[in-house]
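Q: Show me how the following folds:
(one chain, ligands or ions: 1)
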Amino acid sequence: MRNVQVGIIRIFAEQKNYILKRRILIIGASGQIGTDLTTQLRKRYGNHKVIATDIREDDGTLGNEGPFEVLDAMDYKAIEDVVIRYEITDVYLLAAMLSATAEKFPMRAWNLNMNSLFNVLNLAKDKKIKKVFWPSSIAVFGPTTPKINTPQRTIMEPSTVYGISKQAGERWCEYYHEKYSVDVRSIRYPGLISYKTLPGGGTTDYAVDIYHKALKHSKYICFLKEETTLPMMYIDDAIRATLTIMEAPEEQIKVRSSYNLAGISFNPKEIAQSIKKQISNFEISYKPDFRQAIADSWPQSIDDTNAQKDWGWKNHTSLEEMTSIMIKNLR
Ligand code: AKB
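A: Next up is the predicted model:
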């Protein structure tokens, strides 16, 4: 009995120590997820405890709020140096090449997406950091995957360079957790929609670009066909999911590859209709290109029962709400 009590006290003391000492490193902080995530993490834990880094110089946004460093996600020594200097405990690795760009530069995409992950997983394996967040994607699924309500565990034969790298990454995350007890947590993000950054080489990015063009020119030429339904999510929901999974007690995280996450599903015709309600002269036309094949290989909707059960996930923002927020802020 006494041993159990001593054990519990020790776990609480360790947890308290970790919370007090928590220092966060974000790699790829200037991208779509990083821009919003850095601000939210700084609000939660304090500006000086969240170190934003990116391969590009800061444009004055993140560096004004707190520490910012130029950092190459492929450079293990440089990452290790930042980890030691700032006494980092948690790393969010957001640097990656997205689906459309990765089709043009397969080897560069593979090298960036995989080597950056190994750099961070190895730091955790060697106990230099405590916790890792790594984003996966609906791109891990492929043409042979069931398209509607795609389950957590199902056929996964991705047919894109990006999808292959994310699928391999998921296997490595699970492996490092099983073999080396690395506390790595991950979400399969759907297409994300936000207003703070411009589209960054993804296939779902049409759903960001469409708002910019609607406000500027009242028209948009879509590179996907009108009926191409894809899983999507407003950025605030995605950030809330990321913070929730990272703050959940370790034993609640039962999936160590990556969690399915459902938001809203819509196609170009439906998003255009929601924009037209606010910009009545808005017109959409369609000119599908190579990105159509990528979109056709992905699911239309996602079953996220595991995320709901394990760490209480629930999406909030609807398509209509998202359209109002996007138009108001971009205006
Ligand atoms: C992309 O379109 O490449 C990304 C994704 C779905 O991961 N937004």
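
Q: May I ask which helix or strand encompasses the most centrally placed residue in the chain?
A: The centroid of the chain falls nearest to Pro135 when counting by C-alpha atoms, centre = their mean (4.3 Å). Pro135 is part of strand 131-137 when elements are defined by DSSP states H and E.

Q: next one: Thr53
A: strand 50-54.

Q: In CSV, could you pull the C-alpha coordinates for that strand?
A: Taking C-alpha atoms only, strand 50-54 is exported to CSV below (Å, rounded to 0.1, in the frame of the first residue of the first chain):
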residue,chain,number,x,y,z
VAL,A,50,7.1,28.9,-27.2
ILE,A,51,10.0,29.1,-29.7
ALA,A,52,8.8,29.6,-33.3
THR,A,53,11.2,28.5,-36.0
ASP,A,54,11.0,28.3,-39.8
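
Q: Does anything pack onto it? Which helices or strands?
A: Judged by 3 or more C-beta pairs under 8 Å, 6 or more residues apart in numbering; DSSP states H and E, strand 50-54 is in contact with strand 24-27, helix 32-45, helix 62-65, strand 68-70, helix 76-86. Where you see a C-beta, it was placed from the backbone N, CA and C, and this is true even at glycine.

Q: ok, now with 7 Å
A: Secondary-structure packing of strand 50-54 (3 or more C-beta pairs under 7 Å, 6 or more residues apart in numbering; DSSP states H and E): strand 24-27, helix 32-45, strand 68-70, helix 76-86.

Q: To Ile302, which of the ones you listed lies closest?
A: helix 32-45 (17.7 Å; C-beta to C-beta).

Q: Give me the angle between the closest one and strand 50-54.
A: 160 degrees (axes from the mean of the first three to the mean of the last three C-alpha atoms, to 10 degrees).

Q: so helix 32-45 versus strand 131-137, what angle?
A: 150 degrees.

Q: what kind of secondary structure is the residue in the stretch 201-331 of the chain that the ligand sits nearest to in?
A: Closest residue of the stretch 201-331 of the chain to the ligand, C-beta to the nearest ligand atom: Gly202 (2.8 Å). Local secondary structure at Gly202 is given as coil here, using DSSP: H, G, I helix; E, B strand; the rest coil.
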